[in-house]
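Student: Sharing a model prediction with you, sequence too.
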Amino acid sequence: MTEIEVAGERLPIRESLVREMDVAWNRLASAGTWWTAAERLAIAAEARHAGGCGLCQRRKEALSPYTVDGDHDSLGELPNAEVEAIHRLVTDAGRITEKWVRSLDLEETHYVEIIGVIAVLTGLDTLHTALGLPLRDLPAAQPGAPVRKRPLGAKHNLAWVATLAPEDVGAGNPDPYPVHGDKNIHRGFSLVPQEVFNFFDLDVELYLKDHEIRDFETEYRAISHAQIEFIAGRTSALNGCFY
């Protein structure tokens, strides 16, 4: 067990959580499957910026976001399609439709990786916010090129984007399922398999591993299963998550 400083106090924090947080920051600053390191960091910066967008606020207040036109208040580092995707995912994800996803001038592979970047950043930033800590500065981009490899077995049969079923994982493709499980939540990122690793490597340390969730005889955290699920349920309700 190591320590973290919160409000002038040194508090214990699991070493495994510290390790996976560092891994997550490193991955955000590294080339992904489709986006460069600089582009991934630009996506992260735009995601942080989206909360102050006037257009997004007006859409959030409207009966339907699709009735409000205008320009996003953006950082100006990314094309309009990427900005639209990032802002909607951050500010009003609960009302995204398949038609909207199809209307984006984005390859679905790139769209899935954007979701992955935002999901990881949200986990990291929310922890800092919950502890009353300032958000960590985004790291510098690391050298390297995107892999740019789409899983050959990915199909349109589960979601609005193609997904990769466990039985369709081909030779040479990353296979995240033996590590994290093969529920629909894991398959959601599977068009970009590395994003399954990126998100769930962090998620299981912030929450619980798949087998630990259903092991009610053992408490793996400082709070109980019931307390964890109470927090998760309340957070889901506040965020309009109906999973």
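Tutor: All right, it came through fine.
Student: Below-threshold pLDDT in this structure: ranges please.
Tutor: 1, 243 (pLDDT under 70).
Student: where along it do the strands fall?
Tutor: Assigned by DSSP state E, the chain shows strands spanning 2-6, 9-13.
Student: Switch those over to JSON lines; also include distance to residue 54 and mean neighbour count.
Tutor: Heads up, the C-betas are built off the backbone N, CA and C, glycines and all. Below are these laid out as JSON lines (distance: least, Cβ to Cβ, whole Å; neighbours: other Cβ atoms under 10 Å):
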{"stretch": "strand 2-6", "distance to residue 54": "33", "mean neighbour count": "12"}
{"stretch": "strand 9-13", "distance to residue 54": "37", "mean neighbour count": "11"}
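Student: okay if I get those strands as a markdown table plus distance to residue 120?
Tutor: Formatted as a markdown table, the strands of the chain follow (distance: least, Cβ to Cβ, whole Å):
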| stretch | distance to residue 120 |
| --- | --- |
| strand 2-6 | 19 |
| strand 9-13 | 18 |
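Student: residues contacting the spatially most central residue of the chain?
Tutor: Among the residues of the chain, the one closest to the centroid is residue 119, at 1.3 Å (Cα atoms, centre = their mean). Residues in contact with residue 119 (Cβ atoms under 8 Å, 6 or more residues apart in numbering) are residue 199.
Student: The same query, at a cut-off of 10 Å, please.
Tutor: Taking Cβ atoms under 10 Å, 6 or more residues apart in numbering, we find residue 119 in contact with 47, 89, 188, 189, 195, 198, 199, 200, 202, 203.
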